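> Sequence first, then the predicted structure, then my questions.
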Amino acid sequence: MTSSTSSSRSRNPSSGARSTPDRFANSPGFSSYSAPSDSRKSDSGRNPLTAVARSIAGAFVGCFTPPETDEWKKLKVSNEFGAPSVASEMSRTTSGRRGSNRGIYSNATKERGHGNMKFTMDEILKATRNFSPAFKVGQGGFGTVYKGRLDDGTIVAIKRAKSGVYDKHLGVEFQSEVTTLAQVEHLNLVKFYGYLEYGDERILAVEYVSNGTLREHLDGVHGKELDFSARLDIAIDVAHAITYLHMYTDHPIIHRDIKSSNILLTEKLRAKVADFGFARLAADTDSGATHVSTQVKGTAGYLDPEYLRTYQLTEKSDVYSFGVLLVEVVTGRRPIEPKRELKERITPRWAMKKFTDGDAISALDPRLEPTAGINLALEKILELALQCLAPRRQSRPSMRRCGEMLWSIRKDYREQSALDFRSLSSTSQRSVSVKEQ
(Lines give C-alpha, C1' and ligand atoms only; values in the text may rest on other atoms or scores of the structure.)
Protein backbone atom coordinates (compact mmCIF):
# COMPACT_ATOMS: atom_id res chain seq x y z
CA MET A 1 0.00 0.00 0.00
CA THR A 2 1.45 3.33 -0.97
CA SER A 3 1.63 6.21 1.45
CA SER A 4 -1.06 8.06 -0.42
CA THR A 5 -3.38 5.08 -0.12
CA SER A 6 -2.62 4.74 3.57
CA SER A 7 -3.36 8.37 4.24
CA SER A 8 -6.66 8.16 2.42
CA ARG A 9 -7.88 5.76 5.12
CA SER A 10 -7.96 8.35 7.87
CA ARG A 11 -11.20 8.34 9.84
CA ASN A 12 -13.85 10.97 9.35
CA PRO A 13 -15.96 11.06 12.52
CA SER A 14 -18.51 13.41 11.04
CA SER A 15 -19.41 11.20 8.10
CA GLY A 16 -22.78 9.65 7.62
CA ALA A 17 -23.66 6.01 8.05
CA ARG A 18 -25.03 3.08 6.18
CA SER A 19 -26.16 0.03 8.07
CA THR A 20 -25.69 -3.44 6.68
CA PRO A 21 -26.42 -6.72 8.45
CA ASP A 22 -23.69 -8.85 9.98
CA ARG A 23 -23.87 -11.80 7.63
CA PHE A 24 -22.17 -14.32 9.87
CA ALA A 25 -23.47 -13.36 13.26
CA ASN A 26 -24.82 -16.79 14.17
CA SER A 27 -22.46 -19.09 12.36
CA PRO A 28 -20.00 -21.33 14.20
CA GLY A 29 -16.32 -20.75 13.50
CA PHE A 30 -13.06 -22.58 13.13
CA SER A 31 -10.98 -23.56 16.12
CA SER A 32 -7.38 -22.44 16.31
CA TYR A 33 -4.76 -25.04 16.94
CA SER A 34 -3.46 -22.68 19.60
CA ALA A 35 -6.64 -23.00 21.62
CA PRO A 36 -7.96 -26.55 21.93
CA SER A 37 -11.01 -25.61 23.98
CA ASP A 38 -12.12 -22.67 21.84
CA SER A 39 -15.31 -22.57 19.83
CA ARG A 40 -14.73 -20.20 16.97
CA LYS A 41 -16.90 -17.77 15.13
CA SER A 42 -16.08 -15.16 12.57
CA ASP A 43 -17.68 -12.82 10.16
CA SER A 44 -16.52 -11.20 7.00
CA GLY A 45 -17.80 -8.82 4.42
CA ARG A 46 -17.79 -5.08 4.34
CA ASN A 47 -20.25 -3.22 6.46
CA PRO A 48 -19.65 0.51 6.22
CA LEU A 49 -21.52 2.43 8.94
CA THR A 50 -21.51 5.68 10.95
CA ALA A 51 -20.09 7.85 13.26
CA VAL A 52 -19.49 9.53 16.47
CA ALA A 53 -18.06 7.32 19.23
CA ARG A 54 -19.78 7.36 22.62
CA SER A 55 -17.79 6.98 25.82
CA ILE A 56 -18.78 4.20 28.18
CA ALA A 57 -18.35 3.37 31.81
CA GLY A 58 -18.09 -0.39 32.27
CA ALA A 59 -14.48 -0.80 31.19
CA PHE A 60 -13.99 -4.42 32.02
CA VAL A 61 -17.09 -6.37 31.01
CA GLY A 62 -16.58 -9.92 29.80
CA CYS A 63 -19.32 -12.35 29.04
CA PHE A 64 -18.33 -14.32 25.98
CA THR A 65 -15.76 -17.03 25.35
CA PRO A 66 -13.93 -17.91 28.59
CA PRO A 67 -10.13 -18.04 28.65
CA GLU A 68 -8.76 -21.48 27.95
CA THR A 69 -5.68 -23.53 28.72
CA ASP A 70 -3.84 -25.01 25.74
CA GLU A 71 -2.02 -28.32 25.54
CA TRP A 72 0.79 -28.72 23.11
CA LYS A 73 3.28 -31.27 21.95
CA LYS A 74 6.73 -30.10 20.99
CA LEU A 75 7.70 -30.38 17.36
CA LYS A 76 10.79 -28.72 15.94
CA VAL A 77 10.33 -26.47 12.94
CA SER A 78 12.80 -24.44 10.95
CA ASN A 79 12.68 -21.00 9.36
CA GLU A 80 13.13 -18.98 12.52
CA PHE A 81 13.75 -15.27 12.16
CA GLY A 82 15.22 -12.31 13.89
CA ALA A 83 13.44 -9.30 15.32
CA PRO A 84 11.79 -7.34 12.53
CA SER A 85 12.11 -3.58 12.39
CA VAL A 86 9.20 -1.18 12.41
CA ALA A 87 10.05 0.10 8.97
CA SER A 88 11.09 -3.04 7.13
CA GLU A 89 8.49 -5.46 8.43
CA MET A 90 5.46 -3.27 7.82
CA SER A 91 5.80 -3.88 4.10
CA ARG A 92 2.63 -4.39 2.15
CA THR A 93 1.57 -7.92 1.33
CA THR A 94 2.11 -8.99 -2.25
CA SER A 95 -0.69 -11.49 -2.17
CA GLY A 96 -3.97 -10.65 -3.81
CA ARG A 97 -7.35 -11.49 -2.42
CA ARG A 98 -8.34 -15.09 -3.11
CA GLY A 99 -11.70 -16.20 -4.40
CA SER A 100 -14.28 -18.21 -2.48
CA ASN A 101 -15.05 -20.86 -5.05
CA ARG A 102 -15.02 -24.48 -3.99
CA GLY A 103 -11.88 -26.42 -4.70
CA ILE A 104 -8.28 -26.51 -3.61
CA TYR A 105 -6.53 -23.21 -3.05
CA SER A 106 -3.21 -21.98 -1.78
CA ASN A 107 -1.50 -18.63 -1.39
CA ALA A 108 0.98 -18.18 -4.19
CA THR A 109 3.06 -15.74 -2.15
CA LYS A 110 3.81 -18.20 0.61
CA GLU A 111 7.39 -19.31 0.21
CA ARG A 112 7.73 -23.06 0.61
CA GLY A 113 10.46 -23.73 -1.92
CA HIS A 114 8.20 -25.22 -4.55
CA GLY A 115 5.53 -22.59 -4.93
CA ASN A 116 1.81 -23.32 -4.97
CA MET A 117 0.54 -26.37 -3.16
CA LYS A 118 -2.43 -28.36 -4.36
CA PHE A 119 -3.78 -30.55 -1.59
CA THR A 120 -5.62 -33.79 -2.14
CA MET A 121 -7.41 -35.81 0.49
CA ASP A 122 -4.82 -38.55 0.11
CA GLU A 123 -2.06 -36.06 0.92
CA ILE A 124 -3.88 -34.86 4.03
CA LEU A 125 -4.49 -38.41 5.22
CA LYS A 126 -0.85 -39.28 4.65
CA ALA A 127 0.34 -36.16 6.46
CA THR A 128 -1.74 -36.95 9.55
CA ARG A 129 -1.51 -40.75 9.38
CA ASN A 130 -5.21 -40.95 8.73
CA PHE A 131 -5.91 -38.33 11.40
CA SER A 132 -4.17 -40.38 14.05
CA PRO A 133 -4.96 -39.41 17.66
CA ALA A 134 -1.19 -39.35 18.24
CA PHE A 135 -0.99 -36.35 15.89
CA LYS A 136 -3.77 -34.40 17.58
CA VAL A 137 -2.60 -31.07 19.06
CA GLY A 138 -5.81 -29.14 19.61
CA GLN A 139 -9.54 -29.46 20.03
CA GLY A 140 -12.31 -26.90 19.67
CA GLY A 141 -16.05 -26.72 19.34
CA PHE A 142 -15.75 -26.69 15.57
CA GLY A 143 -13.18 -29.41 15.04
CA THR A 144 -9.78 -30.90 15.68
CA VAL A 145 -6.27 -29.76 14.86
CA TYR A 146 -3.47 -32.15 13.92
CA LYS A 147 0.21 -31.76 13.29
CA GLY A 148 1.21 -33.10 9.93
CA ARG A 149 4.28 -33.62 7.80
CA LEU A 150 3.96 -33.09 4.06
CA ASP A 151 5.90 -35.07 1.47
CA ASP A 152 8.55 -32.35 1.23
CA GLY A 153 9.07 -32.38 5.00
CA THR A 154 7.10 -29.21 5.76
CA ILE A 155 5.47 -29.35 9.19
CA VAL A 156 1.93 -27.96 9.19
CA ALA A 157 -1.05 -27.62 11.50
CA ILE A 158 -4.07 -29.20 9.84
CA LYS A 159 -7.42 -27.93 11.07
CA ARG A 160 -10.24 -30.36 10.36
CA ALA A 161 -13.87 -29.34 10.77
CA LYS A 162 -16.41 -31.66 12.34
CA SER A 163 -18.40 -32.86 9.37
CA GLY A 164 -21.48 -33.27 11.57
CA VAL A 165 -21.70 -29.53 12.27
CA TYR A 166 -21.19 -28.36 8.72
CA ASP A 167 -24.01 -26.20 7.33
CA LYS A 168 -24.47 -23.33 4.91
CA HIS A 169 -23.40 -20.76 7.50
CA LEU A 170 -20.27 -22.73 8.25
CA GLY A 171 -19.49 -22.88 4.55
CA VAL A 172 -19.49 -19.09 4.34
CA GLU A 173 -17.53 -18.97 7.58
CA PHE A 174 -14.87 -21.33 6.30
CA GLN A 175 -14.47 -19.38 3.07
CA SER A 176 -14.25 -16.17 5.06
CA GLU A 177 -11.36 -17.42 7.17
CA VAL A 178 -9.57 -18.77 4.12
CA THR A 179 -9.97 -15.45 2.32
CA THR A 180 -8.53 -13.58 5.30
CA LEU A 181 -5.57 -15.93 5.66
CA ALA A 182 -4.85 -15.89 1.94
CA GLN A 183 -4.32 -12.14 1.80
CA VAL A 184 -1.94 -11.79 4.74
CA GLU A 185 1.77 -12.52 4.89
CA HIS A 186 4.01 -11.34 7.71
CA LEU A 187 6.78 -12.85 9.80
CA ASN A 188 4.70 -12.42 12.93
CA LEU A 189 1.58 -14.09 11.53
CA VAL A 190 1.19 -17.83 11.07
CA LYS A 191 1.68 -18.77 7.43
CA PHE A 192 -1.19 -20.06 5.35
CA TYR A 193 -0.41 -22.99 3.08
CA GLY A 194 -3.78 -23.92 1.63
CA TYR A 195 -7.12 -25.59 2.21
CA LEU A 196 -9.24 -28.39 0.91
CA GLU A 197 -12.98 -28.86 0.50
CA TYR A 198 -13.72 -32.47 -0.26
CA GLY A 199 -17.22 -33.82 0.30
CA ASP A 200 -18.07 -33.05 3.92
CA GLU A 201 -14.44 -32.33 4.77
CA ARG A 202 -13.30 -28.76 5.40
CA ILE A 203 -9.55 -28.67 6.02
CA LEU A 204 -7.18 -25.76 6.53
CA ALA A 205 -3.37 -26.09 6.56
CA VAL A 206 -1.28 -23.44 8.29
CA GLU A 207 2.20 -23.14 9.75
CA TYR A 208 2.89 -25.26 12.80
CA VAL A 209 4.65 -23.26 15.50
CA SER A 210 6.48 -25.57 17.83
CA ASN A 211 6.90 -23.86 21.18
CA GLY A 212 3.38 -23.43 22.50
CA THR A 213 1.53 -20.26 23.37
CA LEU A 214 2.46 -17.12 25.23
CA ARG A 215 -0.09 -18.01 27.91
CA GLU A 216 1.54 -21.38 28.47
CA HIS A 217 4.92 -19.74 28.92
CA LEU A 218 3.52 -17.16 31.34
CA ASP A 219 2.00 -20.06 33.28
CA GLY A 220 5.34 -21.87 33.35
CA VAL A 221 3.96 -24.88 31.48
CA HIS A 222 7.20 -25.28 29.54
CA GLY A 223 9.40 -25.21 32.63
CA LYS A 224 11.45 -22.11 31.92
CA GLU A 225 10.14 -18.68 32.84
CA LEU A 226 10.08 -15.93 30.21
CA ASP A 227 12.56 -13.24 31.19
CA PHE A 228 11.59 -9.60 30.88
CA SER A 229 13.59 -9.04 27.70
CA ALA A 230 11.79 -11.90 25.93
CA ARG A 231 8.40 -10.57 27.04
CA LEU A 232 9.21 -7.15 25.63
CA ASP A 233 10.34 -8.67 22.32
CA ILE A 234 7.11 -10.68 22.11
CA ALA A 235 4.98 -7.58 22.72
CA ILE A 236 6.80 -5.81 19.87
CA ASP A 237 6.30 -8.78 17.54
CA VAL A 238 2.56 -8.74 18.25
CA ALA A 239 2.41 -4.97 17.69
CA HIS A 240 4.08 -5.46 14.29
CA ALA A 241 1.58 -8.14 13.29
CA ILE A 242 -1.51 -6.13 14.25
CA THR A 243 -0.14 -2.96 12.65
CA TYR A 244 0.32 -4.93 9.44
CA LEU A 245 -3.30 -6.13 9.55
CA HIS A 246 -4.59 -2.62 10.20
CA MET A 247 -2.46 -0.69 7.71
CA TYR A 248 -0.63 -2.80 5.17
CA THR A 249 -3.11 -5.28 3.73
CA ASP A 250 -5.24 -4.60 0.66
CA HIS A 251 -8.13 -3.81 3.01
CA PRO A 252 -7.66 -3.24 6.78
CA ILE A 253 -8.37 -6.35 8.85
CA ILE A 254 -9.49 -6.40 12.48
CA HIS A 255 -8.33 -9.54 14.25
CA ARG A 256 -10.88 -9.31 17.09
CA ASP A 257 -9.30 -12.00 19.27
CA ILE A 258 -5.88 -10.76 20.33
CA LYS A 259 -4.99 -12.73 23.46
CA SER A 260 -2.06 -14.62 24.93
CA SER A 261 -3.38 -18.05 23.92
CA ASN A 262 -3.50 -16.89 20.28
CA ILE A 263 0.16 -15.81 20.38
CA LEU A 264 2.35 -18.74 19.32
CA LEU A 265 6.06 -18.81 20.09
CA THR A 266 8.90 -20.28 18.07
CA GLU A 267 11.87 -22.05 19.64
CA LYS A 268 13.67 -18.69 19.54
CA LEU A 269 10.71 -17.05 21.33
CA ARG A 270 9.58 -15.02 18.35
CA ALA A 271 5.83 -14.41 18.36
CA LYS A 272 3.33 -15.32 15.66
CA VAL A 273 -0.30 -14.24 15.88
CA ALA A 274 -2.73 -17.04 15.07
CA ASP A 275 -6.43 -17.80 14.77
CA PHE A 276 -8.38 -15.61 12.39
CA GLY A 277 -11.70 -17.20 13.28
CA PHE A 278 -13.14 -13.86 14.42
CA ALA A 279 -11.32 -11.62 11.95
CA ARG A 280 -13.24 -9.35 9.63
CA LEU A 281 -12.65 -6.48 7.27
CA ALA A 282 -12.63 -3.01 8.79
CA ALA A 283 -14.89 -0.18 7.65
CA ASP A 284 -14.53 1.06 4.08
CA THR A 285 -13.21 4.51 4.92
CA ASP A 286 -13.15 5.52 1.26
CA SER A 287 -16.94 5.59 1.48
CA GLY A 288 -16.84 7.73 4.63
CA ALA A 289 -17.64 5.00 7.15
CA THR A 290 -15.87 5.07 10.53
CA HIS A 291 -16.78 1.61 11.84
CA VAL A 292 -18.71 -1.56 11.12
CA SER A 293 -21.67 -2.69 13.17
CA THR A 294 -21.54 -6.35 14.16
CA GLN A 295 -22.49 -8.69 16.93
CA VAL A 296 -19.88 -8.80 19.67
CA LYS A 297 -17.37 -11.61 19.46
CA GLY A 298 -14.18 -12.11 21.39
CA THR A 299 -12.83 -13.48 24.63
CA ALA A 300 -13.73 -12.49 28.17
CA GLY A 301 -11.32 -9.99 29.64
CA TYR A 302 -10.01 -8.73 26.31
CA LEU A 303 -13.17 -7.17 24.89
CA ASP A 304 -13.33 -3.48 24.07
CA PRO A 305 -16.03 -2.00 26.37
CA GLU A 306 -17.10 0.54 23.75
CA TYR A 307 -17.59 -2.25 21.21
CA LEU A 308 -19.58 -4.18 23.83
CA ARG A 309 -21.91 -1.26 24.36
CA THR A 310 -22.32 0.11 20.85
CA TYR A 311 -21.63 -2.92 18.62
CA GLN A 312 -19.36 -0.58 16.67
CA LEU A 313 -16.15 -2.34 15.66
CA THR A 314 -12.97 -0.50 14.66
CA GLU A 315 -9.24 -1.23 14.66
CA LYS A 316 -9.15 0.40 18.10
CA SER A 317 -10.90 -2.70 19.48
CA ASP A 318 -7.69 -4.60 18.73
CA VAL A 319 -5.75 -1.82 20.44
CA TYR A 320 -7.80 -2.32 23.59
CA SER A 321 -7.12 -6.07 23.54
CA PHE A 322 -3.44 -5.31 23.05
CA GLY A 323 -3.52 -3.13 26.16
CA VAL A 324 -4.88 -6.08 28.14
CA LEU A 325 -2.13 -8.24 26.64
CA LEU A 326 0.55 -5.77 27.76
CA VAL A 327 -0.74 -5.98 31.33
CA GLU A 328 -0.79 -9.76 31.08
CA VAL A 329 2.81 -9.85 29.83
CA VAL A 330 4.27 -7.82 32.70
CA THR A 331 2.10 -9.18 35.52
CA GLY A 332 1.99 -12.81 34.39
CA ARG A 333 -1.67 -12.91 35.43
CA ARG A 334 -4.66 -13.79 33.29
CA PRO A 335 -7.05 -10.92 32.47
CA ILE A 336 -9.64 -12.42 34.80
CA GLU A 337 -8.49 -14.14 38.01
CA PRO A 338 -11.70 -15.41 39.66
CA LYS A 339 -9.91 -17.05 42.60
CA ARG A 340 -8.26 -13.83 43.77
CA GLU A 341 -9.81 -11.37 46.18
CA LEU A 342 -12.40 -9.07 44.64
CA LYS A 343 -10.15 -6.05 44.06
CA GLU A 344 -7.62 -8.17 42.15
CA ARG A 345 -9.95 -10.28 40.01
CA ILE A 346 -9.90 -7.99 36.97
CA THR A 347 -6.17 -7.82 36.28
CA PRO A 348 -6.09 -4.70 34.04
CA ARG A 349 -8.13 -2.72 36.57
CA TRP A 350 -5.91 -3.88 39.44
CA ALA A 351 -2.67 -3.15 37.55
CA MET A 352 -3.82 0.29 36.41
CA LYS A 353 -4.73 1.14 40.01
CA LYS A 354 -1.25 0.11 41.13
CA PHE A 355 0.31 2.22 38.38
CA THR A 356 -1.74 5.36 39.03
CA ASP A 357 -1.05 5.02 42.77
CA GLY A 358 2.69 5.08 42.04
CA ASP A 359 3.16 1.45 43.02
CA ALA A 360 3.75 -0.13 39.60
CA ILE A 361 6.51 -2.40 40.89
CA SER A 362 4.03 -4.39 42.98
CA ALA A 363 2.22 -5.34 39.76
CA LEU A 364 5.34 -6.97 38.31
CA ASP A 365 5.25 -10.74 37.89
CA PRO A 366 6.82 -12.01 41.15
CA ARG A 367 8.82 -14.54 39.13
CA LEU A 368 10.83 -11.65 37.67
CA GLU A 369 13.70 -10.12 39.65
CA PRO A 370 13.31 -6.31 39.68
CA THR A 371 16.20 -4.25 38.31
CA ALA A 372 16.56 -0.58 37.48
CA GLY A 373 16.02 -1.40 33.80
CA ILE A 374 12.89 -3.47 34.48
CA ASN A 375 11.46 -0.84 36.81
CA LEU A 376 11.93 1.85 34.17
CA ALA A 377 10.38 -0.25 31.39
CA LEU A 378 7.53 -1.44 33.60
CA GLU A 379 6.39 2.12 34.28
CA LYS A 380 6.40 2.97 30.58
CA ILE A 381 4.65 -0.24 29.51
CA LEU A 382 1.86 0.27 32.03
CA GLU A 383 1.55 3.88 30.89
CA LEU A 384 1.11 2.65 27.31
CA ALA A 385 -1.37 0.01 28.48
CA LEU A 386 -3.39 2.71 30.23
CA GLN A 387 -3.67 4.60 26.94
CA CYS A 388 -4.72 1.46 25.07
CA LEU A 389 -7.38 0.74 27.71
CA ALA A 390 -9.02 4.16 27.40
CA PRO A 391 -12.83 3.78 27.51
CA ARG A 392 -13.29 5.85 24.33
CA ARG A 393 -11.59 4.65 21.17
CA GLN A 394 -10.54 8.15 20.08
CA SER A 395 -8.28 8.30 23.15
CA ARG A 396 -6.39 5.13 22.27
CA PRO A 397 -3.19 5.19 20.21
CA SER A 398 -2.93 3.42 16.88
CA MET A 399 -1.20 0.05 16.77
CA ARG A 400 1.61 1.63 14.79
CA ARG A 401 2.13 4.13 17.58
CA CYS A 402 2.13 1.29 20.12
CA GLY A 403 4.90 -0.41 18.18
CA GLU A 404 6.97 2.77 18.03
CA MET A 405 6.59 3.36 21.76
CA LEU A 406 7.58 -0.21 22.57
CA TRP A 407 10.69 0.10 20.43
CA SER A 408 11.66 3.20 22.41
CA ILE A 409 10.95 1.41 25.69
CA ARG A 410 13.11 -1.53 24.65
CA LYS A 411 15.97 0.77 23.65
CA ASP A 412 15.90 2.49 27.02
CA TYR A 413 15.58 -0.84 28.81
CA ARG A 414 18.62 -2.28 27.06
CA GLU A 415 20.70 0.80 27.78
CA GLN A 416 19.75 0.77 31.47
CA SER A 417 20.33 -2.99 31.69
CA ALA A 418 23.81 -2.52 30.22
CA LEU A 419 24.55 0.09 32.90
CA ASP A 420 23.18 -2.27 35.56
CA PHE A 421 25.42 -5.05 34.30
CA ARG A 422 28.54 -2.88 34.25
CA SER A 423 27.78 -1.62 37.73
CA LEU A 424 27.27 -5.16 39.00
CA SER A 425 30.48 -6.35 37.37
CA SER A 426 32.42 -3.47 38.88
CA THR A 427 31.01 -4.20 42.32
CA SER A 428 31.87 -7.89 41.99
CA GLN A 429 35.44 -7.11 40.96
CA ARG A 430 35.92 -4.78 43.94
CA SER A 431 34.54 -7.45 46.23
CA VAL A 432 36.98 -10.05 44.86
CA SER A 433 39.86 -7.61 45.20
CA VAL A 434 39.03 -6.91 48.85
CA LYS A 435 38.85 -10.64 49.60
CA GLU A 436 42.25 -11.26 47.98
CA GLN A 437 43.83 -8.54 50.13
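Structure's in. What do you need? Numbering: from 1, shown residues only.

> which residues touch Glu379?
Taking C-beta atoms under 8 Å, 6 or more residues apart in numbering, we find Glu379 in contact with Phe355, Ala360. From N, CA and C alone the C-beta is placed, and that goes for glycine too.

> cool, and Leu313?
Contacts of Leu313 (C-beta under 8 Å, 6+ apart): Ile254, Arg256, Arg280, Ala282, His291, Val292, Ser293, Thr294, Tyr307.

> can I get these in TSV with neighbour count, distance to Val238 and secondary structure?
Output for the contacts of Leu313, formatted as TSV (neighbours: other C-beta atoms under 10 Å; distance: C-beta to C-beta, whole Å; DSSP: H, G, I helix; E, B strand; the rest coil):
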residue	neighbour count	distance to Val238	secondary structure
Ile254	25	15	strand
Arg256	27	14	coil
Arg280	24	19	strand
Ala282	25	18	coil
His291	29	23	coil
Val292	24	23	strand
Ser293	20	27	strand
Thr294	24	23	coil
Tyr307	24	19	helix
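
> ok, so of those, who is nearest Val190?
Arg256 (16.0 Å; C-beta to C-beta).

> Next one: the closest one, what pLDDT does it get?
If you check Arg256, the pLDDT there is 89.

> Phe276 too?
Looking at Phe276, its pLDDT stands at 83.

> mind checking how far Arg160 is from Lys136?
Taking C-beta to C-beta, to the nearest Å as the measure, Arg160 falls 10 Å from Lys136.

> follow-up on the earlier one: show me which of the contacts of Leu313 is closest to Lys343.
Checking the contacts of Leu313 against Lys343 with C-beta to C-beta, the nearest one is Tyr307 at 25.5 Å.

> Enumerate every residue touching that closest one.
Val296, Gly298, Leu313, Thr314, Ser317, Tyr320.

> Could you do Tyr320 as well?
Tyr320 makes contact with Tyr302, Leu303, Asp304, Pro305, Glu306, Tyr307, Cys388, Leu389, Arg393, Arg396, according to C-beta under 8 Å, 6+ apart.

> among those, which are in helices?
Pro305, Glu306, Tyr307, Cys388 (DSSP state H).

> Look up how far Lys316 lies from the first one.
When distance is defined by C-beta to C-beta, Pro305 is 11 Å away from Lys316.

> go on, the second one?
To Lys316, Glu306 is 8 Å away according to C-beta to C-beta.

> any residues in contact with both of the two?
Shared contacts of Glu306 and Lys316 (C-beta under 8 Å, 6+ apart): Arg393.

> The contacts of Tyr307 into CSV, with extra columns for pLDDT?
Shown next, in CSV, are these (pLDDT from 0 to 100):
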residue, pLDDT
Val296, 82
Gly298, 83
Leu313, 91
Thr314, 92
Ser317, 96
Tyr320, 98
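
> coming back round to it: quick one: which of Pro305 and Lys316 has more around it?
The neighbour count for Pro305 versus Lys316, taken as other C-beta atoms under 10 Å, is higher for Lys316 (28 against 22).
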